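Visitor: Fold the following, please.
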Amino acid sequence: MENNRSTKLGLTKSQLKCFDVIKNFIEKNRYSPSVREVAELMNMTGVSNVHRLIKELERRGWIRSSPKMRRSIQII
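Guide: Residues are numbered from 1 along each chain as shown. The predicted structure is shown next:
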């Protein structure tokens, strides 16, 4: 079912999982996660793929962040 959801939203499964991790983290903690925290919550060992996913979510208009500020991811 998640695959159908991601397809309908125009995101890959990884992009959707990344978005959901960020959204849930912000809802729970009232601040945005670090890139490393997103990687850990997605069970990824490195942060380079998370950076790529975040940049793609920004490009598609799902989130925004400031590259010069930590914990600056915002859901749009």
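
Visitor: tell me the helices in this protein, going along the chain?
Guide: Using DSSP state H, the helices of the chain run over 2-9, 13-29, 35-41, 48-59.

Visitor: would JSON lines of the ones you listed with distance to S66, mean pLDDT and mean neighbour count be doable?
Guide: Every C-beta, even on glycine, is put in place using the N, C-alpha and C of the backbone. Shown next, in JSON lines, are the helices of the chain (distance: least, CB to CB, whole Å; pLDDT from 0 to 100; neighbours: other CB atoms under 10 Å):
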{"stretch": "helix 2-9", "distance to S66": "24", "mean pLDDT": "68", "mean neighbour count": "11"}
{"stretch": "helix 13-29", "distance to S66": "15", "mean pLDDT": "97", "mean neighbour count": "17"}
{"stretch": "helix 35-41", "distance to S66": "13", "mean pLDDT": "96", "mean neighbour count": "17"}
{"stretch": "helix 48-59", "distance to S66": "10", "mean pLDDT": "96", "mean neighbour count": "16"}
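
Visitor: Could you save the ones you listed as TSV and add columns showing distance to S65?
Guide: Written out in TSV, the entries for those read as follows (distance: least, CB to CB, whole Å):
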stretch	distance to S65
helix 2-9	19
helix 13-29	10
helix 35-41	9
helix 48-59	6
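
Visitor: closest to I75 out of those helices?
Guide: Set against I75 and scored by CB to CB, the helices of the chain come closest in helix 13-29, at 5.6 Å.

Visitor: tell me what that closest one is packed against?
Guide: Contacting helix 13-29 under the criterion 3 or more CB pairs under 8 Å, 6 or more residues apart in numbering; DSSP states H and E are the following elements: helix 2-9, helix 35-41, helix 48-59, strand 74-75.
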